[in-house]
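Undergrad: 3D model of this:
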Amino acid sequence: MKFLARALPALFLFAGPAAHAADLPPPLADLAAKVAPAVVSIASMAPDTGNSSPDGDGGGDGSSASNPTADTPGDAASTVVPPPKTIESLGSGFVFDPSGYILTNNHVVNGASNVTVTFPDGTVYPAIIAGRDADADLAVLKINAGHKLPFVQFGDSTQMRVGDWVLAVGNPFGMPGTNTAGIISALHRRIGDTKFDDFIQTDAAINKGNSGGPLFNLQGQVIGVNSAIYAPTGTSDGIGFSIPSAMAEPVAEALAHEGKMKRGWLGVATEEVTPDIQAALKLPGTKGALVGAVSADSPASGILQPGDVITALGGAAIDNPRALSIRTAEFQVGQSVEVAFIHNGAAQQAHLMLTAPPPAHDDNIAQKQEPPSGPVRLSAYGLGLAGQPAADGVSITSSTGPAAKAGIVAGDVIEQVNGVAVATAPDVQKQVGGLGGDPAVFLISGAMPDGNNPGPRWVPVKPTR
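TA: Prediction:
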């Protein structure tokens, strides 16, 4: 090791002339000065229930009064009631609208009875909670300053790449105006923190009190809201998580102007495109969300069909069903969005007007009833089919061999075969017969082997020969 310690300076000296300024970390002083006036510290007070701490980044000792009512000496009829205890949470936020709207995390102000906002110049304002969205862990505060406030703008988090430099600003441990820098370590992290987990991971130091603060790109735009850390030691270990601006911006605008986020609904049930499904349906790749069902009277009805593959929504690529769910959640009811999809091997586009989701059980798709036919046995696939059609396809009376191995059970219903709708057992027989012994992909509705019933699913089955 002593040799390396002596040799390294010489190596660096040798490499020095070939280095370029662009390879060095960027200067961040001007950026920090530019965004600082819009980043605030947030203190929220919540009643101490005596058995839990608030969700914010601060917190009291969690203790309750040991003697809530005590006899006053000399007067047995009177009692002394101490004032209710409160717990203070400290967090961060930023002004995104000069009229006084501030974005932070929902967990910073959840349950708060009193919220104050402190600006870098020391000015303190009382704040009201304009709206909260627990699903995204975001909240908007409103203050009345009597004048326009310095603010920062949102950037496009979908354009950020792993390795891009970022700057985090906030109020860790009650130290306002703290700046830390790093890079984007990973994208699309799922950590089980919110309903729509799709976090930006960064190694910029984030600690308790940073929650709700902004994560900036080098242009001074907010591309993330710092929300969580992975900290086995209790402090920053270089693994922090930020809510992408693609989610944060529409939620912030909705909470500021409407008080809540009314998320839109497409009306499709989708699943992964597996290599087997790709081959059977002759799809160009495995990226996208394969449509298994389209709800009647939904935005997608009449445009998308089972067997279509959604590849983009609102200009953002869709790699899988989860990406589709998260992207859909970034749009409000009443917005028109462009959907790109593959139908019968051809790329297509359409505009859909998102609506509010219906009650839980309105997603069934009515199928035309057909006259009864005789039962059919597809031995190579291990399927027995009922002669009497089901309400939405063909009932399976028995499942053995390849079908059973694929997870199909008696009582399931076949709705489609390789993208073609079927209503009778002969329909299924005809579609399978045209495959020449190749694997078939069945659109199956019914319970999964584990008892769950997630809706129609695509199941590839390779026949025996």
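
Undergrad: pLDDT below threshold where in the stretch 1-150 of the chain?
TA: 1-23, 48-86 (pLDDT under 70).

Undergrad: break down it into its helices, ranges please.
TA: Taking DSSP state H, counting those that start in this stretch, the helices of the stretch 1-150 of the chain run over residues 2-15, 29-35, 106-109.

Undergrad: can I get the shortest one as CSV, trimmed to CA atoms?
TA: As requested, the backbone C-alpha atoms of helix 106-109 are provided in CSV (Å, rounded to 0.1, in the frame of the first residue of the first chain):
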residue,chain,number,x,y,z
ASN,A,106,-47.5,14.7,2.6
HIS,A,107,-45.7,12.9,5.4
VAL,A,108,-44.1,16.2,6.5
VAL,A,109,-47.5,17.9,7.3
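
Undergrad: which residues touch Gly91?
TA: 41-42, 44, 56-58, 104-105, 108-109, 170-171, 209-213 (Cβ atoms under 8 Å, 6 or more residues apart in numbering). Backbone N, C-alpha and C define where each C-beta goes, glycine included.

Undergrad: meant to ask about Gly288, not that
TA: Per Cβ under 8 Å, 6+ apart, neighbours of Gly288: 273, 309-311, 318-320, 341-342.

Undergrad: and it, its phi and psi?
TA: Backbone geometry at Gly288, expressed as degrees, to the nearest 10, gives phi 120, psi 180.

Undergrad: how about it, nearest residue that isn't a chain neighbour?
TA: Computed as Cβ to Cβ, 6 or more residues apart in numbering, the closest residue to Gly288 that is not its neighbour in sequence is Val309, at 4.0 Å.

Undergrad: please state the offset of the helix or strand containing Glu338 from the chain centre?
TA: Following DSSP states H and E, the helix or strand that holds Glu338 is strand 336-343. Offset of strand 336-343 from its chain centre (Cα atoms, centre = their mean, to the nearest Å): 20 Å.

Undergrad: in the following helix or strand past it, what counts as buried?
TA: Following strand 336-343 in sequence order, the next helix or strand is strand 346-353 (DSSP H and E). Buried residues in strand 346-353, counting neighbours by 16 or more other Cβ atoms under 10 Å, are found at Leu352.

Undergrad: for the closest residue to Asp164 other than its chain neighbours, grab the count of nearby residues.
TA: Excluding its sequence neighbours, the residue lying closest to Asp164 (Cβ to Cβ, 6+ apart) is Ile184, at 4.9 Å. Ile184 is flanked by 23 other residues according to other Cβ atoms under 10 Å.

Undergrad: so who does Ile184 touch?
TA: 160-164, 166, 200-202.

Undergrad: and those residues, which are buried?
TA: Of the contacts of Ile184, these count as buried by 16+ other Cβ under 10 Å: 160, 166, 200-202.

Undergrad: mind putting those in a markdown table, secondary structure included?
TA: A markdown table is the format used below for the buried ones among the contacts of Ile184 (DSSP: H, G, I helix; E, B strand; the rest coil):
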| residue | secondary structure |
| --- | --- |
| Met160 | coil |
| Val166 | strand |
| Ile200 | strand |
| Gln201 | strand |
| Thr202 | strand |
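
Undergrad: nearest to Ile239, of those residues?
TA: Gln201 (6.6 Å; Cβ to Cβ).

Undergrad: picking that back up, distance check, the residue nearest to Gly288 against Pro98.
TA: 43 Å (Cβ to Cβ, to the nearest Å).

Undergrad: which one's more surrounded, the two?
TA: Val309 (25 against 13).

Undergrad: which residue packs closest to Leu385, ignoring adjacent ones?
TA: Ala425 (3.9 Å).

Undergrad: what is the burial count for the one you found?
TA: 27.

Undergrad: now it: how far from Tyr381?
TA: 13 Å.

Undergrad: could you do Gly100 as well?
TA: 65 Å.

Undergrad: more neighbours, these two?
TA: Legend: neighbour count by other Cβ under 10 Å for Gly100 and Tyr381, higher for Tyr381 (24 against 21).

Undergrad: thought the more buried one was touching Val461?
TA: Yes: counting by Cβ atoms under 8 Å, Tyr381 touches Val461, with 5.3 Å between them.

Undergrad: between the two, which contacts overlap?
TA: 402-403, 440.

Undergrad: just the ones of the residues you listed in helices?
TA: 402-403 (DSSP state H).

Undergrad: ok, of the shared contacts of Tyr381 and Val461, which one's closest to Gln219?
TA: Ala440 (51.8 Å).

Undergrad: name the residues linked to that closest one by a beta bridge.
TA: Beta-bridge pairing of Ala440 under DSSP bridges involves Val461.

Undergrad: likewise Ile183?
TA: Bridge pairing for Ile183 - DSSP bridges - gives Trp165.

Undergrad: so it touches Val166, yeah?
TA: Yes: here Ile183 reaches Val166: they are 6.6 Å apart, a contact under Cβ under 8 Å.

Undergrad: Leu435: what secondary structure?
TA: Strictly by three-state DSSP, Leu435 counts as coil.

Undergrad: my guess is it contacts Asn418, does it?
TA: Yes: contact criterion Cβ under 8 Å: Leu435 and Asn418 qualify, at 7.2 Å.

Undergrad: neighbour count: these two, which is higher?
TA: Asn418 (21 against 15).

Undergrad: according to the record, where do the domains of this protein fall?
TA: Domains of the chain are assigned by automatic domain parsing as 27-260, 268-353, 376-461.

Undergrad: quick check: Pro439 touching Ile277?
TA: No: in this structure, Pro439 is not within contact of Ile277 by Cβ under 8 Å, at 9.3 Å.
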